[in-house]
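Novice: Here you go, sequence then predicted model.
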Amino acid sequence: MLSIDQGMLVYNLFLEYAPGGSLLDLMIEKYGGYIPECEAKCYARMLLEGVRDIQQRGCVHCALKPANILVYPPDQYGSINSLKIADFGLARLPGDRDMAEVGTFPGTPVYMPPETVFDGKISAALDIWSLGCIVLEMITGKTTMGISGPEAFGDQDCIFEISTKKTQTMSSTGKDLLMKCFARDPSERWTADMLLSHPFTLPEYPLWPSPTKSLHHAQVDSCPPSMVELDDVCLAIF
């Protein structure tokens, strides 16, 4: 929108307000650092819906982390917050290697897979690794680096072994989902579509669509998975 301020032409950009802040804020302020698995799996499904949408548009987000996920209040059908993926400033096309050519990766390494940090490779599997890091952080309150230490960075086996020691009560399906996300070979990582069919993210009750394009749980006192409504902002990177 254009306006005139004291005789000068001003470009005004209006953005959607996210009253809940970021997922990182939510983890700290509402949950005290980590999220119960029942609710974390609901958030994981929301994020996977968003990642699938990004992948269907032919993009790789490249910067998925709790600080880049916006939080919105629960709607009238549920008791859990809604999430939206934000900050597409680093989004790339699969196969781009410009990040490696400049010598430094501009993202946050702790959420990046080994092939991206060390070789600059960009693929849809990058966002899947990042999603696994987010799920792990939601449930344990720690990043992969915080759990396993810098000497194990990028080592899937070490990350999984140590992280599961910190999550003794984590379900077997949750641990299996992490294994699918942290496969060292990017070609072996599950896609967003595959992970949406994983037992950890499957809805536990019948769902039906709402006018807001969200999936709602029949019982409002439980964890209702909901679709992430992504803006068309990812198209703007082109």
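Specialist: Perfect, thanks for sending it. It should be emphasised that the depicted structure is a prediction, and the values quoted were computed from it without experimental measurement.
Novice: and stretch 113-133, which residues are buried?
Specialist: The neighbour-count check on stretch 113-133 (16 or more other C-beta atoms under 10 Å) flags 113-117, 120-133 as buried. Backbone N, C-alpha and C define where each C-beta goes, glycine included.
Novice: so where's this structure uncertain?
Specialist: The chain contains residues with pLDDT under 70 at 97-106, 145-169, 204-238.
Novice: can we see that at 50?
Specialist: 102-103, 147-152, 154, 162, 164, 206-238 (pLDDT under 50).
Novice: the strands in it, which residues?
Specialist: 2-5, 8-11, 69-72, 82-85, 207-209, 215-217 (DSSP state E).
Novice: For those strands, please prepare TSV with the additional fields distance to residue 41 and mean neighbour count.
Specialist: Below are those laid out as TSV (distance: least, C-beta to C-beta, whole Å; neighbours: other C-beta atoms under 10 Å):
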stretch	distance to residue 41	mean neighbour count
strand 2-5	45	8
strand 8-11	42	8
strand 69-72	15	22
strand 82-85	13	23
strand 207-209	14	11
strand 215-217	12	20
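Novice: export these to a markdown table and tack on distance to residue 29?
Specialist: Listed next are the strands of the chain as a markdown table, based on distance: least, C-beta to C-beta, whole Å:
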| stretch | distance to residue 29 |
| --- | --- |
| strand 2-5 | 35 |
| strand 8-11 | 34 |
| strand 69-72 | 10 |
| strand 82-85 | 15 |
| strand 207-209 | 28 |
| strand 215-217 | 23 |
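Novice: Those: which one's closest to residue 18?
Specialist: strand 69-72 (3.8 Å; C-beta to C-beta).
Novice: Remind me what the closest one packs against, helices and strands.
Specialist: With contacts taken as 3 or more C-beta pairs under 8 Å, 6 or more residues apart in numbering; DSSP states H and E, strand 69-72 sits against helix 23-29, strand 82-85.
Novice: Nearest approach to residue 172 belongs to which of these?
Specialist: helix 23-29 (23.4 Å).
Novice: elements contacting that closest one?
Specialist: Looks like helix 23-29 contacts strand 69-72, helix 124-140 (3+ C-beta pairs under 8 Å, 6+ apart).
Novice: can I get those in TSV with distance to residue 186?
Specialist: TSV is the format used below for the helices and strands packed on helix 23-29 (distance: least, C-beta to C-beta, whole Å):
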stretch	distance to residue 186
strand 69-72	22
helix 124-140	4
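Novice: Tell me which of these approaches residue 36 most closely.
Specialist: helix 124-140 (8.2 Å).
Novice: Determine which of the strands of the chain approaches residue 58 most closely.
Specialist: That would be, of the strands of the chain and by C-beta to C-beta, strand 82-85, which comes in at 15.7 Å.
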